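A.B. asks: Output the structure for:
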Amino acid sequence: MTQGNVVKTLHACVLALIGASATFLQLKQQSPFQTDYKTMVAFLIAVCIYVVTGLASTKFNGFAEEVTTKVSLLSGLLSPLLLFLIMVPALGWVCLVLWALLVVIIAYKKVSSRHLKPSQQDSQSQDHVAIQKTSPDRQEMERLTMEEENNEEQPQKRISMGSPATKWISVFDPSDKVTKQRYHFNVEDSRLSPKIEKGKEDGLFISSVASCSNLWALIMDDGTGFSDQVYDVSPFFLHEEWIKKQWAKDFYITAIAGAEDGSSLVVMSKGTKSFYQIYKVNDSFPFKWIKEKWEQGYFVTAMATSGSRWAIVVSKGAGFSEQFVEVDSKYPSELIRERWKSGCFITAAAATVDQAAFVLSVPRLEPANHEQETYRTSGFPAKKIEENWERNYYVTSICYGRTDS
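C.D. replies: Model prediction:
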């Protein structure tokens, strides 16, 4: 069960308790406002807080969403306990003590978690990336022209007969306003710094990264909402020590990529939605671990591969209500199309030479007139990116890997 479904179930239970206790209270011969005026006023205040914070939680993301949700549920639970106090004082006091202990436990866990930094030795580490969802356009999704197939903007990866086909996979989302976006590909380690610094001077931050043939690709734009950003190129996949140092400075991972030689590019930013993140590096795609994290209220927000290894980042406060993962030995066109029809959008993508994985999420706030498009191209999709800019469509995710059997 996802976090969104759990919250809905808890709200249903709270409303049932309030309704049942209010019904039994009517059996009293005297008006409770005459016999227990202060308790009834406290009950009405608790109900008001429950309603107001419950509505507010649907408008917020990240830390604010979690806080308002918990305040709403706790105040909602307090409401029937106050009525129990009127009907059965002994039971009511016991319940109030337990409720107070629950509040203390929740507050303690929240304070502790804000200072906890998971260790990669436990197969975990913090991270964060969020990409908006979209809806389907079948013709655009499948569009792959001969011009793209023969794109010479980047050296083509030669595929021998019978080998799996690897291509660039790019995901585009529309924007209501003109966004300044820039791309770089075939970038060596030594050339990253001048390109990134030039982008920063122009008000651009890195939104997506990828790797092909041990060279890097960058997407930078001015619509990320980030306030600051740092990056690290490391021979490790991933560089835990550097990541921990940035966590301590309130930076969170917003993009990751891995190269065939085992190196990685990690981008960490300030001004993100997420407030707590962990990651796992595994030799195979970690389905079970992702499912466990979903149950704990996390959502996948970034993925990367290095050789056959996978790095998966999950976050709290990503702004999603539900999420699905599709992994296949080729580009899962039909599966993605069906997910699009059900209101999901691609929010992360990564691929090895053997598998391609796509994370499809349901946003808490449905974007208006939002149709997502994906492309598969043999060369880096520079031409397609520029064509889509004319339509106010911008790259939100890019990766290189398996697309066909």
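A.B. asks: and the helix or strand encompassing residue 193, C-alpha only, in CSV?
C.D. replies: Here residue 193, judged by DSSP states H and E, is contained in helix 189-201. C-alpha atoms of helix 189-201 as CSV (Å, rounded to 0.1, in the frame of the first residue of the first chain):
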residue,chain,number,x,y,z
ASP,A,189,35.7,14.9,-17.2
SER,A,190,38.1,17.9,-17.6
ARG,A,191,35.5,19.8,-19.7
LEU,A,192,32.7,19.6,-17.2
SER,A,193,33.7,22.5,-15.0
PRO,A,194,33.8,25.2,-17.6
LYS,A,195,30.5,24.2,-19.1
ILE,A,196,28.8,24.0,-15.7
GLU,A,197,30.3,27.2,-14.5
LYS,A,198,29.2,29.0,-17.7
GLY,A,199,25.7,27.7,-17.2
LYS,A,200,25.6,29.0,-13.6
GLU,A,201,26.7,32.4,-14.8
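A.B. asks: Now do that helix, average pLDDT.
C.D. replies: Across helix 189-201, pLDDT averages out at 93.
A.B. asks: buried ones in it?
C.D. replies: 192, 195-196, 199 (16 or more other CB atoms under 10 Å). Yep, even glycine has a C-beta here, placed from its N, CA and C like the rest.
A.B. asks: Closest to residue 181 out of those residues?
C.D. replies: Within those, proximity to residue 181 (CB to CB) peaks at residue 199, which comes in at 10.1 Å.
A.B. asks: part of a helix, is residue 40?
C.D. replies: Yes - checked against DSSP: H, G, I helix; E, B strand; the rest coil, residue 40 lies within a helix.
A.B. asks: residues in contact with the residue nearest to residue 221 when sequence neighbours are not counted?
C.D. replies: Spatial nearest neighbour of residue 221, chain neighbours left out: residue 181 (3.9 Å); criterion: CB to CB, 6 or more residues apart in numbering. By CB atoms under 8 Å, 6 or more residues apart in numbering, residue 181 lies in contact with 204, 219-223, 385, 389, 394-395.
A.B. asks: strand partners of the next helix-or-strand element following the helix holding residue 193, parallel vs antiparallel please.
C.D. replies: Per DSSP H and E, the first helix or strand lying C-terminal to helix 189-201 is strand 205-212. Applying DSSP bridges, strand 205-212 is found paired with strand 215-221 (antiparallel).
A.B. asks: And for the strand it pairs with, what's in contact with it?
C.D. replies: For strand 215-221, the surrounding residues in contact (CB under 8 Å, 6+ apart) are 179-189, 192, 195-196, 199, 204-211, 233, 257, 259, 265, 380, 394-395, 398, 400.
A.B. asks: can you rerun that using 7 Å?
C.D. replies: Residues from elsewhere that reach strand 215-221, judged by CB atoms under 7 Å, 6 or more residues apart in numbering: 179-188, 192, 195, 199, 204-211, 257, 265, 380, 394-395, 398.
A.B. asks: repeat for stretch 45-54
C.D. replies: Residues outside stretch 45-54 that contact it (CB under 7 Å, 6+ apart): 11, 68, 71-72, 75-76, 78-79, 82.
A.B. asks: Mind putting the residues you listed into CSV with pLDDT, neighbour count and secondary structure?
C.D. replies: As requested, the contacts of stretch 45-54 are arranged in CSV below (pLDDT from 0 to 100; neighbours: other CB atoms under 10 Å; DSSP: H, G, I helix; E, B strand; the rest coil):
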residue, pLDDT, neighbour count, secondary structure
11, 88, 17, helix
68, 85, 19, helix
71, 91, 19, helix
72, 90, 23, helix
75, 91, 20, helix
76, 90, 23, helix
78, 92, 22, helix
79, 90, 23, helix
82, 90, 24, helix
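A.B. asks: Max pairwise distance over those residues: which two?
C.D. replies: 68 and 82 (21.0 Å).
A.B. asks: which residues of the protein fall in helices?
C.D. replies: Using DSSP state H, the helices found in the chain span residues 3-25, 32-35, 37-57, 62-87, 89-113, 138-142, 146-149, 189-201, 240-248, 287-295, 333-341, 382-389.
A.B. asks: which helices and strands sit right next to the longest one?
C.D. replies: Taking 3 or more CB pairs under 7 Å, 6 or more residues apart in numbering; DSSP states H and E as the contact definition, the neighbouring helices and strands of helix 62-87 are helix 3-25, helix 37-57, helix 89-113.
A.B. asks: what angle separates the last one from helix 62-87?
C.D. replies: For helix 89-113 against helix 62-87, the angle between stretch directions is 170 degrees (axes from the mean of the first three to the mean of the last three CA atoms, to 10 degrees).
A.B. asks: List the buried residues in helix 89-113.
C.D. replies: 92, 95.
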